[in-house]
Structures are given as structure tokens and as C-alpha cells.
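J.: Model the following, please.
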Amino acid sequence: MPYHLLFGEADALRIRFAVSPLWETQSAVRVLARPRQQGYHLPWLRRIGGAARALELAPLQLLMPERGHSPDFLYPPPLGPAASFEDELAAVRAVDPALAGPDMARALACTPGAARSAEGRRLLADPAGAVERLADLLGAAWEALVAPEWPRLRALLEADVAYHSRRLADGGLERLLGELHPSFAWDPEAAVLEVSYRGEHVRALGGRGLVLMPSVFIWPEVVSGFEEPWQPTVVYPARGIGGLWTERRGRTPEALARLLGPVRADVLCALAEPMGTTALAHLLGRAPSSVSAHLSVLREAGLLTSRRYGHQVLYERTPLGMAVSQPDAG
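T.: Presented below is the predicted three-dimensional model:
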């Protein structure tokens with residue numbers, strides 16, 4: 001049965017995108033236990049294999065049933081467009097145990113025997129202690145599995161947000177929702193977004209709008225179903241994950257490198273999608289201060305444009321920048 005998200009008059013005006021490092025962390029933990037979701041991520045899995053084996057992830061994975069509910073309190077939708085992991089984890093630690101207990105019980109009930117297992121009983125017997133313990137495990141998973149790759153992941157997620165924000169501006173809500181994922185169906189007359197997924201869920205947005213959140217590790221699924229008091233949210237696979245772990249090589253035309261200098265040409269050619277300074281520096285293996293200087297020159301020359309997203313500035317090529325950076329441009 002599909003999810004149905006019911007829009008009121010104000011909700012279409014309150015759609016926003018967000019990127020969540022906390023969501024990517026729990027989703028990475030989930031991928032470790034789900035071979036069907038690992039296909040695009042084998043290079044990452046090889047890199048983090050040793051670190052993953054050193055983590056005690058069983059309590060988190062017990063609350064991630066194959067089908068059914070996962071606790072909303074462990075990865076609530078972010079409050080802002082680009083929340084930090086530390087801010088999101090602090091929000092988890094601040095959750096009322098009276099809310100966390102039933103949330104965990106509902107998740108454990110989706111896996112036969114989970115609530116009666118030693119770990120399940122431990123979680124349910126002390127919700128306050130469970131919240132702290134699970135938050136600690138998420139923090140350890142972030143440091144070991146996601147933080148070393150976060151500039152690369154964030155660049156892809158922010159590029160997805162930039163792309164779909166433009167699509168929303170160009171074609172409106174109906175076009176955006178029709179393109180985000182094949183499982184989405186927008187009924188403009190009833191003002192209902194239908195999301196095909198396992199389970200049944202109906203929620204009126206009630207003037208709170210909707211958070212649309214791209215994810216690297218969620219492929220091939222989509223997720224919705226966040227209950228009160230959490231913000232209505234849909235999580236969908238980000239664009240471009242097929243090339244996420246591909247190392248960049250051989251993309252800068254020689255003629256362009258001679259014209260601009262090799263580093264500045266690399267910076268221009270690397271901006272196939274909008275990207276911030278830190279992510280671009282990580283991709284190119286160069287100091288952020290050096291990349292920032294080259295970005296400023298390219299922008300002044302009319303090859304790049306910039307705009308603010310959250311707490312950072314995203315750079316993207318202008319039509320002139322796109323023209324001169326093509327392989328046959330020289």
C-alpha cells in the first residue's frame with residue numbers, strides 16, 4: 001500500500017530541501033547489513049571494512065527492520081537545510097525517553113523475536129539509557145564510516161538539491177514531484193502525493209509543508225512515514241550515485257590547462273555539478289585556501305557563478321564556463 005501525503009493550501013509554499021549527515025550515518029549502517037543496497041558502494045565498503053568490523057552496531061541494526069517501522073527519534077528530519085552532524089546528534093540526545101520507548105517498541109515488533117531478545121529487552125527496559133547508548137553508537141559510526149567521506153557525499157547531495165531546486169523554479173511542484181523518483185505520483189486535483197512503498201501511511205501536512213531529502217545510501221528505495229511530532233519528510237535516492245566513488249582522472253582538456261593553468265583548469269572542469277570549496281578541495285586533493293583563490297579568479301572572469309546555500313557558498317559554471325570546459329573546446 002502507498003503512502004499518501006495530503007497537501008493543504010499553504011503546504012505547497014512550504015516545501016524545502018535538506019541534507020542530513022545523521023540520516024546518511026544511519027543509512028550507511030543499514031547498508032552494511034543489506035547486500036541488495038551495496039552495489040554502488042563497493043569501493044566505500046572496501047575502504048571502511050576494518051573500521052566497520054570494530055564497531056558494535058547490533059543495537060542500531062536491531063531497530064532497522066527489513067520491513068516496517070524504524071524509530072523516527074534516531075534520525076529526525078533536520079531543522080535547517082544544512083544541519084551539522086553535531087547539532088543533529090544533540091537533538092537525538094535531547095529526545096524524551098517517554099517518546100523513544102514506544103518508538104523502539106514499534107520498531108522491534110516488526111522483526112519476529114526482536115523484542116524478546118536480550119538486546120531488545122535491554123533497550124526497552126531503560127529508554128533513557130538506550131537513547132544515550134544509541135546516540136553514542138551513531139557518533140562512532142559517523143566518525144568511522146561517514147565523516148572521512150563527507151565532503152564527497154555532501155557535494156553529491158548538494159548538487160542534487162541545486163538541480164531539483166532549479167527544476168522546481170522552472171516547472172513547478174507537479175514537474176518536480178514527477179521527476180524525483182518513479183514511485184512518486186502527484187494528484188494535482190486532490191493535492192495528494194502518493195509514494196509507493198512497503199506499508200500504508202496517510203498524513204495531512206497540516207500547514208507544515210514537506211521536507212525533501214536526497215540520500216546517498218538509500219538507493220533503490222524511498223522513505224516516508226515520519227509521524228508526529230516530526231516534520232513530514234520524504235527521503236529519495238540522490239542523482240549521480242553511479243559515479244560517486246569513481247576517482248576523477250583525465251577530464252581536463254590540455255588546451256584549457258595551457259590557457260588557464262593546470263590547477264585552475266582542473267577546478268573549472270571538476271564543477272560538473274554545483275559544489276562548495278571544501279568539497280571541491282577534497283575532490284581535487286588540494287588545500288581549500290588554494291581552491292578558494294582559483295574559484296575567485298574564475299568567477300571574476302565570468303566562468304563561474306556562486307550562490308549561498310545554508311552556511312556555505314556553492315559554485316557552478318556559467319554557460320561560458322561550460323563551453324570552454326568541454327573536452328572538444330580546445
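
J.: Could you verify my assumption that Glu194 touches Tyr3?
T.: Yes - using Cβ atoms under 8 Å, Glu194 is in contact with Tyr3, at 7.1 Å. For glycine as for every other residue, the C-beta is placed from the backbone atoms N, C-alpha and C.

J.: After the host helix or strand of Arg133, which helix or strand is next?
T.: For Arg133, the element it lies in under DSSP states H and E is helix 127-141. Next helix or strand after helix 127-141 toward the C-terminus (DSSP H and E): helix 150-180.

J.: Now that following helix: buried residues?
T.: 150-165, 167-168, 173, 176-177, 180 (16 or more other Cβ atoms under 10 Å).

J.: I'd like the mean pLDDT over it, please.
T.: In this model, helix 150-180 has a mean pLDDT of 83.

J.: Which strands or helices does that helix pack on?
T.: Applying 3 or more Cβ pairs under 8 Å, 6 or more residues apart in numbering; DSSP states H and E, one finds that helix 150-180 contacts strand 15-17, helix 21-32, strand 184-187, strand 210-215, helix 277-284, strand 304-309, strand 312-317.

J.: Report all helices and strands that the third one contacts.
T.: I take that to be strand 184-187. Looks like strand 184-187 contacts helix 150-180, strand 192-195 (3+ Cβ pairs under 8 Å, 6+ apart).

J.: quick check, Ala12 in a helix?
T.: Yes - counting by DSSP: H, G, I helix; E, B strand; the rest coil, Ala12 falls inside a helix.

J.: check contacts around it.
T.: Taking Cβ atoms under 8 Å, 6 or more residues apart in numbering as the criterion, Ala12 is in contact with Leu173, Ala191.

J.: before we move on, the earlier item: compare Glu194 and Tyr3 and say which is more crowded by neighbours.
T.: Between Glu194 and Tyr3, counted using other Cβ atoms under 10 Å, Tyr3 has the larger neighbour count: 21 against 16.

J.: hang on, isn't the more buried one packed against Val192?
T.: No - the pair Tyr3 and Val192 does not pass the contact test of Cβ under 8 Å, sitting 10.1 Å apart.

J.: For the residue nearest the centre of the chain, which residues are in contact?
T.: Central residue of the chain (Cα atoms, centre = their mean): Ser215, 3.2 Å from the mean position. By Cβ under 8 Å, 6+ apart, the contact set of Ser215 is Trp23, Glu24, Ser27, Leu157, Val235, Tyr236, Pro237, Ala238.
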